[in-house]
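# sequence and predicted structure, then a few things I'm wondering about:
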Amino acid sequence: MAQNILFVCVENAGRSQMAEAFFKKYGKNKFDVISAGTIPATKLNPIVVSVMDEIGIDMTFQTPKLLSGDMIEQSFKTINMGCVDKESCPALFVKDIVDWNISDPKNKTIEQVRIIRDDIKSNVLKMIDSFND
């Protein structure tokens, strides 16, 4: 049975969505992966969708999801992408969480979001490699 990987942030509109998309692409279906937020936005950040499209990953059908207790309980690994809003930070609600402390792409330029995207890709690939050891 596949183990669940959960990527969390506040709005689930950028970082955690990119991490989910990269994990789905490179994780070879060994894990079930999902992302969610404590206060989900109504839609994905359009710049995030654009920079992922630049590298051949289509996120147009992904939508922000609300983090639930079931998601947390069923996850093998939970990764917090980083928090700006300390009061709704997922790290407050989840034990054994790994914190990547990645900048929020909200209100950033496309160049800045590309750097965030590449940082997330690097972290996801390192994580996948660590599971293969």
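Sure, I can see it.

# and Ile55, how far from Phe76?
Separation of Ile55 from Phe76 (C-beta to C-beta, to the nearest Å) stands at 27 Å. The way it works is simple: take the backbone N, C-alpha and C, and place the C-beta from them, glycine included.

# in its sheet, what does the helix or strand of the chain with the lowest mean pLDDT sit against?
Among the helical and strand segments of the chain, the one scoring lowest on mean pLDDT, DSSP states H and E is strand 97-99, with a mean of 83. Within its sheet, strand 97-99 is paired with strand 75-80 (parallel), according to DSSP bridges.

# tell me the buried residues in the strand it pairs with?
Residues of strand 75-80 classed as buried by neighbour count (16 or more other C-beta atoms under 10 Å): 75, 77-80.

# could you do stretch 116-133 as well?
116-117, 120-121, 123-124, 127-128.

# what's the distance between the most centrally placed residue in the chain and Asn132?
Nearest to the geometric centre of the chain sits Ser16, at 1.7 Å (C-alpha atoms, centre = their mean). Noted for Ser16: a distance of 23 Å to Asn132, by C-beta to C-beta.

# go on, Thr63?
In this view, Thr63 and Asn132 are 31 Å apart by C-beta to C-beta.
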